Each structure stands twice: as structure tokens, then as C-alpha cells.
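1. okay, sequence plus prediction incoming.
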Amino acid sequence: MNPYTLATLLFSLGLGTTTAFASSHWLLAWMGLEINTLAILPLMAQHHHPRAVEATTKYFLTQAVAAAMILFASFTNAWITGQWIMQDMTQPFPTTLILVALSLKIGLAPLHSWMPEVLQGLDLTTGLILSTWQKLAPLALLTQIHPSTTTLMTLLGLTSTLTGGWGGLNQTQLRKLLAYSSIAHMGWMVLIFQYSPTLAVLTLATYIIMTSSTFLVFKINGALSINMLSISWTKAPVLTALAPIVLLSLAGLPPLTGFMPKWLILQELTKQGLPFLATITALSALLSLYFYTRLSYTMALTISPNNTPGSTLWRLKLNHSTLPLAGTLIMATLLLPLTPGMTTLFSP
């Protein structure tokens, strides 16, 4: 892709997200979401592969439906109340419709079916943008909506954690597996949004760090399926030894960084008098732990048959920049001792 075109698209991505962040008016927020969507479509279809074009088309149709629902709900709310301000969402019907539309945008279950299919058709770099940056604007809008009942948010969050765990169990394609991982983590965030928005922001920050590290590991190894992970030790032995730690951090095992948000979320749910919900959510994390452990086993504890030239690939210099991976890998594994400081930083 032409560098000027790429720079324009990336600038538009940032502009759309920033517009959605800064707006308290539904029409401006809708414009920000649309700029964001239109900017990422050329990035998704840049390789001109039929599978990428199919994924781009599915993504466009899904986002168009969600945007139309947001516009219709905001018009309905303005017609009833005479206000376009997000904080004035007092009517049940437009509020519920906007919650459903934003859930469709970020891929919450049961509105998640587009996410694995779209991510499967993209390269890992664009998939990383879709799994992290594209979630920011809809989640920022979710924090500004205060529904009269929390039942829908709780139901969407719990369904997403369970669906993300069950859906990833039988996956062999890494991009689909990461899509279900994203669905599960979005469920954890939505569950806690209504009780502690700052804790949800902390969860989002740790999720972005861990997911970025995981995508970069797979990109450097050139792996798209679980079977391709078994030969990663011939390409980067040190990275192969460290990658399972990142995967287990994504699963939420102590003493790694990923344990911090899960621990704090379960603690907050218990404080809110929801021990049953906290128990079900904790059990859903075991489902995700299974497929992360399977990835770790395949990557670090299996050795595929290789000839002599094939087993010395690690001597060749990597063509990828490893500095972003080094930074995210350190943060994805060593931030748990800083939990008191981070909770203070993210507290209002």
C-alpha cells in the first residue's frame, strides 16, 4: 500500500476514535464511528485476497447495521425527550437499542458470530487493530450510557464470557481462537462497566497489552494454525520459551499480569452482592484456560520432525521489529506486583 494512503487511513482511524471519545452528542459520536469504520475497510482488503474481501464485506455489513441502529435509537430518543446528549438516555427503548447496537459493534455474544469469520480472513496486523483499537470507541460510548436496568448488560457480559470459552475449545485456527478470546474478555469488561468503570478501563488496558503481545508472537513465527506453532522453536527458541507465559497471562493465571483484572473484577462483583455471578464468571475462565494451555503445550512442549537445514532457522536474522514485542511481553508478564499503584492510578 502507498505510504501516503496508509498514513491517511491511520490518521482517519485515530480521528474517528478521538471524535467518538470527545463527543457528548449522539450525531457526532455516530460520525466518529463511521469515520473509524470507513478507514479500516481498505486496510482489511489491502491484500486483494478473496477471503480478505469476504471478511471486509461481512465487517462492513455488520457495522452498517449497528450504525443504522444507533442513528435510529438516537433519533427516537431526541424525538421523545428533545435531547441529543448521551447522558439524557432515560427512555428504555432507545437505550436498549443503542446497547444492542454497541454490543454488535464490539462483538458481544449473542451478536458475536461475525467476529471469528472476519478475523479469520485478515492478516495478523489488521487483526490486531480490529481486536484492540476498534473496540475503544464503542466501549467509550458504553461508559456514558446509564441504563435504568442492568439486566441486559449483565446478560450480555455473562453470555460473552461463556461463549468465548466454549467457542475456542475446538478451534485449530489461531485467528478464530483469538477472536473467541476477545469475545470472552469483552464480556468481563461489560460485566464490570456498570459497577466500576475505572476497573473496566484497567481491564481494557491489560487486555490490549496481552493481546498485542500474542498477535506479535504469532506474526513473528508466521503461524496461522496450531500445527504451525509446533515448528516455532526452529525459528525463535527464546521467543518459544517466553510465549507460553504470555498465553497463560492472557488466561489469567497468577502471578502474571492477566490475573490482576480478573481478581479485581471477581472481588468487585462479590462486593456488589453477586457471588453467584462471580462464581459463574470464574468458572468460564477455566474454559479459556484450556485452549491457552493447549497452545502453550503445542508451542513449547512438542518438537516436530525436522531435517538439519530446517532446524537451524533460528540462526537467520528476523525481518520483523522485536522492540514492540519486547515491551508488551514484559508488561504482559510482570505487572501484577504493581496492582496497588495501578488501581490508584485508574481510580477517580
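-> Looks like it came in fine. A quick note: this is a predicted structure, and the numbers were derived from the prediction, not measured.
2. my guess is residue 198 contacts residue 346. True?
-> Yes. Under the criterion of Cβ atoms under 8 Å, residue 198 is in contact with residue 346, at a separation of 4.7 Å. Quick note: C-beta positions are derived from backbone N, CA and C, even for glycine.
3. what comes up buried for stretch 225-236?
-> Within stretch 225-236, the residues scored as buried using 16 or more other Cβ atoms under 10 Å are 226, 228-236.
4. now intersect these with the helices, please.
-> 226, 228-229 (DSSP state H).
5. can I get these in JSON lines with pLDDT?
-> Putting these into JSON lines (pLDDT from 0 to 100) gives the following:
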{"residue": "226", "pLDDT": "87"}
{"residue": "228", "pLDDT": "82"}
{"residue": "229", "pLDDT": "84"}
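6. circling back: and the buried residues of stretch 225-236, which two are furthest apart?
-> Distance extremes for these: the farthest pair is 226 and 236 at 17.2 Å, using Cβ to Cβ.
7. ok, residues contacting the helix or strand bottoming out on mean pLDDT in the chain?
-> The weakest-scoring helix or strand in the chain, judged by mean pLDDT, DSSP states H and E, is helix 339-346 (a mean of 80). Residues from elsewhere that reach helix 339-346, judged by Cβ atoms under 8 Å, 6 or more residues apart in numbering: 198-199, 201-202, 205, 260, 264, 335.
8. buried subset of the residues you listed?
-> Counted by 16+ other Cβ under 10 Å, the contacts of helix 339-346 give 199, 201-202, 205, 260, 264, 335 as buried.
9. these in helices, which ones?
-> 199, 201-202, 205, 260, 264.
10. adding distance to residue 13, write those residues out as TSV.
-> Converted to TSV, those look like this (distance: Cβ to Cβ, whole Å):
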residue	distance to residue 13
199	27
201	20
202	24
205	19
260	28
264	30
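11. about what we covered before: let's have the buried ones among the contacts of helix 339-346 in CSV, adding pLDDT and distance to residue 21.
-> Listed next are the buried ones among the contacts of helix 339-346 as CSV, based on pLDDT from 0 to 100; distance: Cβ to Cβ, whole Å:
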residue, pLDDT, distance to residue 21
199, 91, 19
201, 90, 12
202, 91, 17
205, 92, 15
260, 92, 25
264, 92, 24
335, 87, 24
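12. just the residues you listed now: which is nearest residue 101?
-> Closest to residue 101, out of all of the buried ones among the contacts of helix 339-346 and judged by Cβ to Cβ, is residue 201, at 21.4 Å.
13. not counting its neighbours along the chain, what's nearest that closest one?
-> Once flanking residues are discounted, residue 201 sits nearest to residue 346: 5.8 Å by Cβ to Cβ, 6 or more residues apart in numbering.
14. and residue 189, how many neighbours?
-> Residues lying near residue 189 (other Cβ atoms under 10 Å) number 25.
15. dump the residue contacts of it.
-> Contacts of residue 189 by Cβ under 8 Å, 6+ apart are 139, 157, 200, 203-204, 207.
16. which one of those is nearest residue 250?
-> residue 207 (8.4 Å).
17. I'd guess the closest one is in a strand, am I close?
-> No. Counting by DSSP: H, G, I helix; E, B strand; the rest coil, residue 207 falls outside a strand, being helix.
18. that one reaches residue 185, doesn't it?
-> Yes. Assessed by Cβ under 8 Å, residue 207 is found in contact with residue 185 at 4.8 Å.
19. so where's the stretch 1-150 of the chain uncertain?
-> Applying pLDDT under 70 to the stretch 1-150 of the chain flags residues 148-149.
20. now the helices for the stretch 151-300 of the chain?
-> Counting by DSSP state H, counting those that start in this stretch, the segments of the stretch 151-300 of the chain that form helices are 151-167, 174-193, 197-221, 226-229, 237-251, 259-271, 275-300.
21. highest mean neighbour count out of the ones you listed?
-> Sort those by mean neighbour count, taking mean count of other Cβ atoms under 10 Å, and helix 174-193 sits at the top with a mean of 25.
22. hey, C-alpha coordinates of the least confident helix or strand of the chain in PDB?
-> The C-alpha coordinates for helix 339-346 follow below in PDB (Å, rounded to 0.1, in the frame of the first residue of the first chain):
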ATOM      1  CA  THR A 339      -1.600  -3.700  41.200                       C
ATOM      2  CA  PRO A 340      -2.000  -1.300  44.100                       C
ATOM      3  CA  GLY A 341      -0.300   1.500  42.200                       C
ATOM      4  CA  MET A 342      -2.400   0.800  39.000                       C
ATOM      5  CA  THR A 343      -5.700   0.700  40.900                       C
ATOM      6  CA  THR A 344      -4.800   4.100  42.400                       C
ATOM      7  CA  LEU A 345      -3.800   5.400  39.000                       C
ATOM      8  CA  PHE A 346      -7.100   4.300  37.500                       C
END
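23. domains of this protein?
-> 1-148, 149-348 (automatic domain parsing).
24. any idea how far the first one is from the chain center?
-> What that stands for is domain 1-148. 13 Å (Cα atoms, centre = their mean, to the nearest Å).
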